[in-house]
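*Asks:* Turn this into a structure:
(one chain, ligands or ions: 2)
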Amino acid sequence: MFRFDLQHECDGARRGVFHTPRGDVQTPGFMPVGTVGTVKGLTIDQVAATGADMILGNTYHLRLRPGHETVARLGGLHKMCGWDGPILTDSGGFQVFSLGALNRVTEHAATFRSHLDGAKIELTPEHSIEIQQALGSDVAMVLDHVIALPASATEVEDALARSIRWAKRCRDVADRPEQALFAIVQGGLDPVLRRQCATELASMPFEGYAVGGLSVGETPEEMYATAAITTEYLPPEKPRYLMGVGTPRDLLENIARGIDLFDCVMPTRNGRNALAFTDEGPIKLRNAVHREDTRPVMEDCVCLACRHSRGYLRHLFNANEMLGPILLSHHNLMYYGRLMREARAAIEAGQFSEFATMKLRGWGFEPM
Ligand SMILES: C=CCOC(=O)Nc1nc2cc3[nH]c(NC)nc3cc2c(=O)[nH]1
Ligand SMILES: [Zn+2]
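*Replies:* Ligands and ions are numbered 1, 2, ... in the order given. Got it, this is the predicted structure:
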């Protein structure tokens, strides 16, 4: 059902294929975020055109609206959205701790109030798996206890230990061979705790391993160092997924540290806010400097935005037209998709560090 083929390694980076019942996921790969069953502003065909193999759905949001039973009655997430490739759903762990008005966390559950209507919801590991089974995703995530940084060593250790106990409870009820279950490594920024957590989870049977607890306000250097220490203790024959990451720089720096999969709202959220990613760094298209610029965002880009001028895109944003956010979201996802494709080719050619150095310098960074 699920198999990860590690094909090439180069300069710390890995090139592989994650085989799933609904299709292959080329790695390193980027997953567009379809929070409530839509990658905001784009049709599912436009998302497919960006080169994405797998998209992400948020359990927390779909549980609240339209409700996981409703999604099931609409034929499940794939049928409802029209995406017949692989879908990964998160467990709601992060949203509950970052979005929901969290009431309390006990050993039994994370109980929170809906940010929509204040309804009280008890999210247990078992209920999280039940929701993801109803959604019918191909990859489910364990429910983990995510804590906000900065946190005391005791808080980090307690959340880590609970996350491991919850991972076991998820594993016990995630019994469908057609749905993979990924564990999530916590441990804050502490190398010893990260090694402990990764080693403990690696001793249990999961189809993949996510690196959690990052991209929550730490510095890039802290993120890269923690990702590196975590992947060191994860099984090389399983995919590694760094959640909520990141900028183009973050993607390349973490690929060099053994990460295979990423998800982030950055390309779509920034696209909706007139920020376009380019090989010379991001540009803000509301700026007057673009007013009469006849050039596309990027000369050799085949996305829906780059058939127009920067001047036109600036005009659309200034006029608050719907089309601006749609076009730029498409460009940014195309940019991320192409960056992943180029990274995979560079690893195959044994040239990853040269590729990464060239890209990083274009964005104004030196390799870490
Ligand atoms: C989607 C994956 C499924 O993961 C969970 O349900 N739990 C979980 N999600 C996270 C999401 C994150 N986004 C960021 N930054 C934007 N950091 C994150 C960290 C976590 C985490 O530690 N756990
Ligand atoms: Zn473009």
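
*Asks:* just for the stretch 151-300 of the chain, where's the confidence low?
*Replies:* Along the stretch 151-300 of the chain, no part satisfies pLDDT under 70.

*Asks:* Might you enumerate the residues of it proximal to ligand 1?
*Replies:* The stretch 151-300 of the chain comes close to ligand 1 at residues I184, A210, G212, G213, L214, S215, V216, M243, G244, D263, as judged by C-beta under 6 Å from any ligand atom. In short, each C-beta sits where N, CA and C put it, glycine included.

*Asks:* Enumerate the beta-bridge partners assigned to the second one.
*Replies:* This means A210. I184, Y241 (DSSP bridges).

*Asks:* so it touches P239, yeah?
*Replies:* No: the pair A210 and P239 fails to qualify as a contact (C-beta atoms under 8 Å) at a distance of 9.2 Å.

*Asks:* So between these two, which is more surrounded?
*Replies:* Using other C-beta atoms under 10 Å as the criterion, A210 and P239 rank with A210 on top: 30 against 27.

*Asks:* and that one, what does it touch?
*Replies:* If a contact means C-beta atoms under 8 Å, 6 or more residues apart in numbering, then A210 has M141, F182, A183, I184, V185, R240, Y241, L242, M243 as its contacts.

*Asks:* can we see that at 7 Å?
*Replies:* M141, F182, A183, I184, V185, Y241, M243 (C-beta atoms under 7 Å, 6 or more residues apart in numbering).

*Asks:* which residue ranges form the helices in the stretch 251-368 of the chain?
*Replies:* 266-272, 310-318, 323-348, 352-362 (DSSP state H, counting those that start in this stretch).

*Asks:* show me the contacts for the residue nearest to L328 when sequence neighbours are not counted.
*Replies:* Nearest non-adjacent residue to L328, counting by C-beta to C-beta, 6 or more residues apart in numbering: G271, 3.9 Å away. Shown in contact with G271 (C-beta under 7 Å, 6+ apart): P325, L328, S329, H331, N332.

*Asks:* Give me the neighbour count for the spatially closest residue to the first one that is not a sequence neighbour.
*Replies:* Pointing back at P325 there. Spatial nearest neighbour of P325, excluding adjacent residues (C-beta to C-beta, 6+ apart): R272 at 4.0 Å. Number of residues near R272 (other C-beta under 10 Å) recorded here: 18.

*Asks:* Now A52: closest residue in space that isn't a chain neighbour?
*Replies:* The shortest distance from A52 to any non-neighbouring residue, by C-beta to C-beta, 6+ apart, is to P32 (5.1 Å).

*Asks:* The one you found against Y335, yeah?
*Replies:* No: counting by C-beta atoms under 7 Å, P32 stays clear of Y335, with 11.9 Å between them.

*Asks:* which residues in the stretch 151-300 of the chain form strands?
*Replies:* 180-185, 208-211, 240-242, 261-263, 275-276, 283-284 (DSSP state E, counting those that start in this stretch).

*Asks:* Redo those as JSON lines? Include distance to C10.
*Replies:* Shown next, in JSON lines, are the strands of the stretch 151-300 of the chain (distance: least, C-beta to C-beta, whole Å):
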{"stretch": "strand 180-185", "distance to C10": "24"}
{"stretch": "strand 208-211", "distance to C10": "21"}
{"stretch": "strand 240-242", "distance to C10": "16"}
{"stretch": "strand 261-263", "distance to C10": "18"}
{"stretch": "strand 275-276", "distance to C10": "30"}
{"stretch": "strand 283-284", "distance to C10": "31"}
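
*Asks:* quick one: which of the ones you listed is nearest Y233?
*Replies:* strand 180-185 (8.4 Å; C-beta to C-beta).

*Asks:* Show me how far the closest one is from its chain's centre.
*Replies:* Strand 180-185 sits 13 Å away from the centroid of its parent chain (C-alpha atoms, centre = their mean, to the nearest Å).

*Asks:* which other helices and strands contact that strand?
*Replies:* strand 139-141, helix 153-173, helix 191-202, strand 208-211 (3 or more C-beta pairs under 7 Å, 6 or more residues apart in numbering; DSSP states H and E).

*Asks:* ok, 10 Å please
*Replies:* Secondary-structure packing of strand 180-185 (3 or more C-beta pairs under 10 Å, 6 or more residues apart in numbering; DSSP states H and E): strand 87-90, strand 139-141, helix 153-173, helix 191-202, strand 208-211, helix 220-232, strand 240-242.

*Asks:* What about the residues of the stretch 151-300 of the chain next to ligand 1, which one has the most neighbours?
*Replies:* Busiest of these [other C-beta under 10 Å] is G213, holding 32 neighbours.

*Asks:* ok, that residue - contacts?
*Replies:* By C-beta atoms under 10 Å, 6 or more residues apart in numbering, G213 lies in contact with 94, 144-149, 151, 156, 159-160, 163, 184-189, 193-194, 197, 226, 230, 243-244.
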